[in-house]
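Visitor: here you go, sequence then predicted model.
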Amino acid sequence: MIYADNAATTRMSSTAMEAMLPYMRERFGNPSSLYGEGQKAAEALWSARERIAACIGALPQEIYFTSGGSEADNQAILSAAHSGERKGKKHVISTAFEHHAVLHTLQKLEKEGFIVELLPVHENGMVYPEQVAEAVREDTCLVTIMYANNEIGSVLPVTEIGAVCREKKVPFHTDAVQAVGHLPVHVKEQNIDFLSLSAHKFHGPKGIGALYARRGMALESLIAGGAQERGKRAGTENVPAVMGMAAALEEACRDRQKKQERLIRLRTRLIEGLSQIPHSVLNGDADKRLPGNVNFCFEGIEGESLLLLLDDEGICASSGSACTSGSLAPSHVLLAIGRSHEIAHGSLRLSLDADNTEEEVEQILKIVPKAVERLRNLSPLWKEKISGKLRFIL
Amino acid sequence: MALYSEKVMEHFRNPQNAGELADADGVGVAGNSKCGDIMKIYLKIDGGVVSDVKFETFGCGSAIASSSMATEMIKGKPLTEVLQLTNQAVAEALDGLPPHKLHCSVLAEEAVKAAVKDYCDKNNVEYPQKEK
Ligand SMILES: Cc1ncc(COP(=O)(O)O)c(C=O)c1O
Ligand SMILES: [Zn+2]
C-alpha cells in the first residue's frame, strides 16, 4: 500500500504510542483525584502542556486540551465572537476556503446576527494581509484565517496578517491544524491570539488537539461540567492521548527541517511528473505550500472514480469531488480559487509524508496517468473536447 | 464495510458496453458537468428491439457502474420493456447503492429514456406508452 493521504490523517509514531502506554497501564489515575496516583497523572498532564507550549512559542497556561482541531476552532471562534458582542462588535472576517469546522461555526454566528465577511482567495490559494487591512471595521471582533489549507496546501502569510490584526487591535485566530509539526510555528512572534492544532495530523493519536489562547483572551466553555482545563473544558482529561500528542509534536518539531528537504524533493518530482498529463493544473501556490501537498485537477474526469482506480492499485489519496463529499457540489476550496464546477470535480490530492519513498512516488507517477487516461476514454465530455465540439478549459 | 458492493466494483472495474455507437439510432444524455455526473447512452434499434447499446460516462464509481448495469439490463429488450427500467431496478441489480449515490442510478434511467425518445423523434415512431 502507498499511503498518500497524510493530510487526512497520519500513522501514529511509535514514540507517541510508547508515550501513551504507561498512562493506560499503571498510571491510569484521574488527574482530578487527590491521592498520589491522581496527582502523578496531573503532573504528567502539566508537563505535556509545557512541552506542547514550548513547541509553538506559547506559555503552558495558554494551552487548553480539546477533542481535536474542530473543537478548538469552534471554541476559539465562538469565544472571540461572543466576547466582541459584549462590546457591541459583531463583524467577523474569514476566508472562503476555511475548513468546515470554521465555516460552519461562522454560519452559526450568522444565525445569531453576526456579519461574516469571507475574503476571496486568489487563484494561487493566497489571502494577503492587505485584504485583511481593508476589511477590518470598527465593529470587527475577530479575524480567523487558516495557516495552511488542507486541500490545496497553500501556506498563508499569517505573521503579516497577525501584524495587521495587532495594529488594528482585533483578535486573530488561525486554524493551524495542517501547519503544526510541518511548518515553523511561533504564536508570539507571529502575532497569533488563538491557534487550533490537532495531534493526528502530526503522527499523534486521533481525537485529541489543543487550543492556544493568548493570556487575557476570554474563553467560553462549550461543554458544561467539571472544572478541568481551568474551567474552560469540562470532562476527565484524556491523559494517554495528551501524552501521545506531546511526544508526537516534540518529535515532529525536532525532525521537521531534516524531513522537509526530502519531502520537498518528493513533492517537486510528483508535481513535475503529474504536470506531464495534458489538460491538468496544479492547485495552490507552487512554492508557498505544505512540503508534502500535491493537488491537481484533471480535465474531463471525476475524482471519485479516480480514487477507486488508485485504490485498486494500492494508492490511498483523496479528492474534492462532489461524489466523495456526499453533496452535489464539489470542494468549496477549489471553487474559491476559481476552478469551474466541472474542473473541480476532477481533483486529486496526494499528501506525502517523510515515510514515503522515491519508489512510491515513481509508482504513483506510473499509475495516475494511466488511470486518468482510462477515465477520459470513458468520458463523453473528454470525447467532445478532443473532437472540438467542446472547448478545453485547461 | 466498503462504500460499494462487490457488484458495483465489478461493473466499475470492468464496465460492460463502454464506448460509442457511431451509427446509433438514438442517443440520450442525462446529468451535467456541474453536478459531477454525465451519462450518454447510444442505442441501435432493430424491429423495435435494442440490438446494441453503448455508454459513455463522466462520473463517480456509482455512475459508471449504473451505466454499465443499465445497458446490460436493456440489451436485446423491446422498447416497451426498456422504458420500464427504473433506477430502483438498476440499484437493486447492483446489490444496492449508498443512499447519497442513488441519484447516479437515476441518471441511468433518464439517459436510457432520453435515448429512446431521440430514436422515436428521429424516426417518427410513437413513444411507447409505459404498460399499466
Ligand atoms: C484545516 C483543518 N482544520 C480542522 C480540521 C479538523 O481537525 P480534527 O479532525 O482534529 O477535528 C482539519 C482536519 O480534518 C483540518 O485539516
Ligand atoms: Zn455520482
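Guide: Everything's here; your move. All of these numbers come straight from a predicted model, not from anything done at the bench. Ligands and ions are numbered 1, 2, ... in the order given.
Visitor: need the nearest residue in space to the residue of the stretch 151-300 of chain A found nearest chain B, chain neighbours excluded.
Guide: As assessed by CB to the nearest CB, chain B sits closest to residue A:300 within the stretch 151-300 of chain A, at 6.9 Å. Glycine gets a C-beta too; all of them are placed from N, C-alpha and C. For residue A:300, ignoring the flanking residues on the chain, the nearest one in space by CB to CB, 6 or more residues apart in numbering or on different chains is residue A:382 at 3.6 Å.
Visitor: how far off centre is the helix or strand where the one you found lies?
Guide: Element membership for residue A:382 (DSSP states H and E) is helix A:380-386. Centroid separation for helix A:380-386 versus its chain: 36 Å, with CA atoms, centre = their mean, to the nearest Å.
Visitor: contacts only, for the closest residue to residue B:32 other than its chain neighbours.
Guide: Using CB to CB, 6+ apart and skipping the chain neighbours, the partner closest in space to residue B:32 is residue B:38 (6.3 Å). Residues counted as contacts of residue B:38 (CB atoms under 8 Å, 6 or more residues apart in numbering or on different chains) are A:379, A:380, A:381, B:29, B:30, B:31, B:32, B:57, B:58, B:59, B:107.
Visitor: out of those, which sit inside strands?
Guide: Residues of those located in strands (DSSP state E): B:29, B:30, B:31, B:32, B:57, B:58.
Visitor: what's the end-to-end length of stretch A:378-389?
Guide: Taking CA to CA, to the nearest Å, stretch A:378-389 runs 17 Å from one end to the other.
Visitor: repeat for stretch A:27-42
Guide: 10 Å.
Visitor: keeping just the C-alphas, turn the longest helix that chain B contains into CSV.
Guide: Identified as the longest helix of chain B according to DSSP state H is helix B:102-123. What follows is helix B:102-123, C-alpha atoms only, in CSV (Å, rounded to 0.1, in the frame of the first residue of the first chain):
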residue,chain,number,x,y,z
LEU,B,102,-28.9,6.9,-5.7
HIS,B,103,-29.0,10.0,-7.8
CYS,B,104,-26.4,8.4,-10.1
SER,B,105,-28.7,5.5,-10.9
VAL,B,106,-31.5,7.9,-11.6
LEU,B,107,-29.3,9.4,-14.4
ALA,B,108,-29.0,5.9,-16.0
GLU,B,109,-32.8,5.7,-16.2
GLU,B,110,-33.0,9.2,-17.5
ALA,B,111,-30.4,8.7,-20.2
VAL,B,112,-31.9,5.5,-21.4
LYS,B,113,-35.3,7.1,-21.7
ALA,B,114,-33.8,10.1,-23.5
ALA,B,115,-32.2,7.8,-26.0
VAL,B,116,-35.5,6.1,-26.7
LYS,B,117,-37.2,9.4,-27.1
ASP,B,118,-34.4,10.5,-29.5
TYR,B,119,-35.0,7.4,-31.6
CYS,B,120,-38.7,7.9,-31.7
ASP,B,121,-38.4,11.6,-32.6
LYS,B,122,-35.9,10.9,-35.4
ASN,B,123,-37.9,8.0,-36.9
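Visitor: before we move on, back to that, for the helix holding residue A:382, buried residues please.
Guide: By neighbour count on 16 or more other CB atoms under 10 Å in any protein chain shown, the buried set for helix A:380-386 is A:380, A:381, A:382, A:383, A:385.
Visitor: tell me the confidence at residue A:323?
Guide: Note on residue A:323: pLDDT of 69.
Visitor: what about residue A:226, how many residues close to it?
Guide: 12 (other CB atoms under 10 Å in any protein chain shown).
Visitor: burial check on the residue in chain B positioned nearest to ligand 1, number of neighbours?
Guide: Here chain B gets closest to ligand 1 at one residue, residue B:3, 19.0 Å apart by CB to the nearest ligand atom. By the measure other CB under 10 Å, the count of residues near residue B:3 is 15.
Visitor: got it, and the one 3 residues further on?
Guide: Neighbourhood size, residue B:6 [other CB under 10 Å]: 10.
Visitor: does the residue nearest to it when sequence neighbours are not counted count as helix, strand or coil?
Guide: Leaving aside its sequence neighbours, residue B:6 sits nearest to residue B:95 (CB to CB, 6+ apart; 7.2 Å). The three-state label given to residue B:95 by DSSP: H, G, I helix; E, B strand; the rest coil is coil.
Visitor: contacts only, for residue B:95.
Guide: Shown in contact with residue B:95 (CB under 8 Å, 6+ apart): B:5, B:6, B:7, B:8.
Visitor: in the chain, which spans are helices?
Guide: No chain was given, so I picked chain A. Using DSSP H, helices in chain A cover A:14-20, A:36-56, A:69-85, A:100-111, A:129-135, A:158-168, A:239-274, A:303-312, A:322-325, A:332-336, A:341-345, A:358-378, A:380-386.
Visitor: you looked at the wrong chain, it should be chain B
Guide: For chain B, the helices defined by DSSP H cover B:6-13, B:61-74, B:79-82, B:87-93, B:102-123.
Visitor: what helices or strands is the third one leaning on?
Guide: Yep, that's helix B:79-82 we're talking about. For helix B:79-82, the packing partners by 3 or more CB pairs under 8 Å, 6 or more residues apart in numbering or on different chains; DSSP states H and E come out as strand B:49-58, helix B:102-123.
Visitor: wondering if the first one reaches ligand 2 at all.
Guide: So that's strand B:49-58. No: against ligand 2, strand B:49-58 shows no contacts by CB under 5 Å from the ion, the least distance being 9.6 Å.
Visitor: so what does the residue of chain B closest to ligand 1 look like in phi/psi?
Guide: Note on residue B:3: backbone dihedrals following degrees, to the nearest 10 are phi -60, psi -40.
Visitor: go on, residue A:57?
Guide: Backbone torsions for residue A:57, taken as degrees, to the nearest 10, come to phi 70, psi 30.
Visitor: wait, what's in contact with residue 15?
Guide: In the absence of a named chain, chain A is used. A:247, A:248, A:251.
Visitor: nope, chain B
Guide: So residue B:15 contacts A:378, B:55, B:64, B:65, B:67, B:68 (CB under 8 Å, 6+ apart).
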